[in-house]
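Engineer: The following comprises the amino acid sequence and a computationally predicted model.
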Amino acid sequence: MGIENMNVGKSKRVRVALSAFAIGALGAGVVVAAPWSAPSATTEASIELVSTATCYDMVSIAIGGRSDTPREGVKWLTTPDGTRLPAAMSGDYTSDWIDQAVRAPIGKVDADSYAAVYVEYPADMASYENAVQTGVTNSQTIMKSISASCPQTRFAIVGYSEGADVARRTAMEIGNQTVPQDGKYGIIDPSQVVGVVILADAGRVAGEGPFPGADNPFSNPDGFDTKYQNGNSAIPGQGALPGTSGGFGALDGRVASFCSDGDLTCALPENTSLIHLAANVGRQVNADALQNEQLTPATGADLALALGRIAVNAFNDIASQPNWMQSDETFLDVLIKVSEPNYKPGAVTTPVSATVDGEQEPIETGQMVDLVYLPQKIFREITGFISSNQNTVPVIMNDPYGLTLAPGSGHHFDYWRDADAANGKPLTSVQYAAAWLTQLAEQANRGEPVKTKEVQEKAGRAAVETIVAPKTTSATATPKATTTAPATSTPVVTTTVPVVPAPAAEAPAPSPAPASEPVATPECTVPVEGETPVEGAPPLCVTATESAAETATETAVPTTTEVAPTP
């Protein structure tokens, strides 16, 4: 693969290599939780495909919701050698939902500077966890492939509904990578991801603002001055899948996580433990079949298998905790914990009851202690169940499915109609995302440096050093050439130093130097490798003043001493 270098200050014009590929060679199956890879050999019924050999300044990775994903018959994105990728260009696939956001920069920047691609993944509820993980893997595969051909390309990640879960997990994995010693990240360098938009975030934390990790988490993402809303009141509730929550690491401040009040996907009221449990069970069964066919022998067996697995894990988890009867954890807490798809069963440390010669073993002392705590444990179970489900019945009685997902009226679709100019919110969530992505694309088109927090902090420190360094070095680099004798007259020590410029105290100047001279920004002589200055900040470099000061300090150190003999 060739690599297209990009020039700062103008759009990067690149090579375009269209490959041929036969649809029949691809097949229609979905490879679960594995990167897409298809052979590129064909000579018949071929169609033109778009290749990653075409480089763009910025590419948006778009991930639609349930059933909103490219299918067979579109022009697939390929690598330069013709290998098919699980994505289609936005011009070859249309989404009724997130096109408004990811296509916004088109027409505002040069045509060959920006593109959006849609990720192909199952996008169903037949096996939710496998579908989402496939989306995560495919999204990362696409970005790695584009970055391999075009290392200067910047990325935005945009996801809605089920695709929001994919976007969150993809961004979390990229942002929380360990910095490699060789500088080669396993996915892509987090600095290449300039924005993440999550619409209906099921992993949202209670009390969290729409811009997690930003300087103004309730106002705007870092680097974008347009306010999203007035005030800092969080949407009540939290995501329906709290087990998917987590920080974004290096991407903090570059994430917009939008949630509509009343959308139970991201704003599920607290104290609804049974609903959390039901959501976790739904991630492990064929929810599509259960919804369409209701309870049948097949769907019933699928549900029973999932519930049985959760029950076994719950009892094993309790058995592995010798002091569980004395703890505040309830059985419902355990069920919710072990129903997480990524739950890893622990080792059982408490043996089950056994028999000796056909007779039950005597009750051990530890078990007797457990029986003592049994009444108190039962009381905790009852009170815990009631307190953790105070809002479960009201939510169920209010028809959460209709209020959340009803076409045209459900809160899950508020993101295209939630503007409220009278209350300080002039744009809908999707319009705001479109404006932000447009600015990011314009910056990439102009070749402006990515101003991450890390780069800004380094620039600030370097600016302070270039201002303070002249004062500090000038005071230490002009030692006085004097001879110091001890109080006793026995030895006489003579100190000789190399010739240095006379200090200001010994050679009075006609007038004192202006106060502004020491803080004047010096000229750069050797730029600091790998640093990009922020606009308005002093150059990040080694200065002539600093070099001279260091030289003076080093020159003044060597001394020679002569000791006169005692008369």
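Structural biologist: Ah, there it is.

Engineer: quick one, phi psi at Gly203?
Structural biologist: When read as degrees, to the nearest 10, the backbone of Gly203 gives phi -100, psi 10.

Engineer: Around the closest residue to it other than its chain neighbours, how many other residues sit close by?
Structural biologist: Closest residue to Gly203 apart from its sequence neighbours, by C-beta to C-beta, 6 or more residues apart in numbering: Thr244 at 3.9 Å. Where you see a C-beta, it was placed from the backbone N, CA and C, and this is true even at glycine. For Thr244, the neighbour count with other C-beta atoms under 10 Å is 20.

Engineer: what separates Thr244 from Gly186, distance-wise?
Structural biologist: Distance, Thr244 to Gly186, using C-beta to C-beta, to the nearest Å: 20 Å.

Engineer: try Ser149
Structural biologist: Taking C-beta to C-beta as the measure, Ser149 falls 18 Å from Gly186.

Engineer: More neighbours: these two, which one.
Structural biologist: Ser149 (21 against 11).

Engineer: Quick check: Glu129 is in a strand.
Structural biologist: No - under DSSP: H, G, I helix; E, B strand; the rest coil, Glu129 sits outside any strand and is assigned helix.

Engineer: Now it: closest residue in space that isn't a chain neighbour?
Structural biologist: Per C-beta to C-beta, 6+ apart, closest to Glu129 is Pro341, 4.5 Å.

Engineer: what bits of the chain have low per-residue confidence?
Structural biologist: Judged by pLDDT under 70, the chain has its weakly predicted residues at 1-49, 346-373, 451-567.

Engineer: now the helices for it?
Structural biologist: Secondary structure of the chain by DSSP state H: the helices cover 99-102, 128-149, 162-175, 273-282, 287-293, 297-319, 331-338, 365-387, 392-397, 400-405, 429-446, 453-476, 544-556.

Engineer: how about the fifth one: buried residues?
Structural biologist: Of the residues in helix 287-293, those buried by neighbour count under the rule 16 or more other C-beta atoms under 10 Å are 287-288, 290.

Engineer: Hmm, the residue nearest to Glu129 is touching Gln284, no?
Structural biologist: Yes - Pro341 is in contact with Gln284 according to C-beta atoms under 8 Å; the separation is 6.1 Å.

Engineer: any common contacting residues for those two?
Structural biologist: Counting by C-beta atoms under 8 Å, 6 or more residues apart in numbering, the common neighbours of Pro341 and Gln284 are Glu129.

Engineer: Looking only at neighbour counts, state which of those two leads.
Structural biologist: Gln284 (20 against 16).

Engineer: Near the residue lying closest to that one once chain neighbours are set aside, how many other residues are there?
Structural biologist: Distances taken as C-beta to C-beta, 6+ apart put Ala306 closest to Gln284, at 4.5 Å, once the chain neighbours are dropped. By the criterion of other C-beta under 10 Å, Ala306 has 18 neighbours.

Engineer: How about the contacts made by Ala306?
Structural biologist: 281, 284-285.

Engineer: so how far is Glu270 from it?
Structural biologist: Taking C-beta to C-beta as the measure, Ala306 falls 25 Å from Glu270.

Engineer: Check Tyr185 too.
Structural biologist: To Glu270, Tyr185 is 37 Å away according to C-beta to C-beta.

Engineer: Of those two, give the one with the bigger neighbour count.
Structural biologist: Under the criterion of other C-beta under 10 Å, the comparison of Tyr185 against Glu270 puts Tyr185 first, with 17 against 12.

Engineer: Check the gap between Met173 and Val59 for me.
Structural biologist: Wrong residue type there; residue 173 is Glu, not Met. In terms of C-beta to C-beta, Glu173 sits 18 Å off from Val59.

Engineer: So for these two, which sits in the more crowded spot?
Structural biologist: Neighbours were counted for Glu173 and for Val59 using other C-beta under 10 Å; Val59 has more, 27 against 18.

Engineer: Excluding chain neighbours, what is closest to the more buried one?
Structural biologist: The shortest distance from Val59 to any non-neighbouring residue, by C-beta to C-beta, 6+ apart, is to Ala115 (5.2 Å).

Engineer: pretty sure the one you found is touching Cys55, no?
Structural biologist: No - the pair Ala115 / Cys55 is not scored as a contact, 9.6 Å apart, by C-beta under 8 Å.
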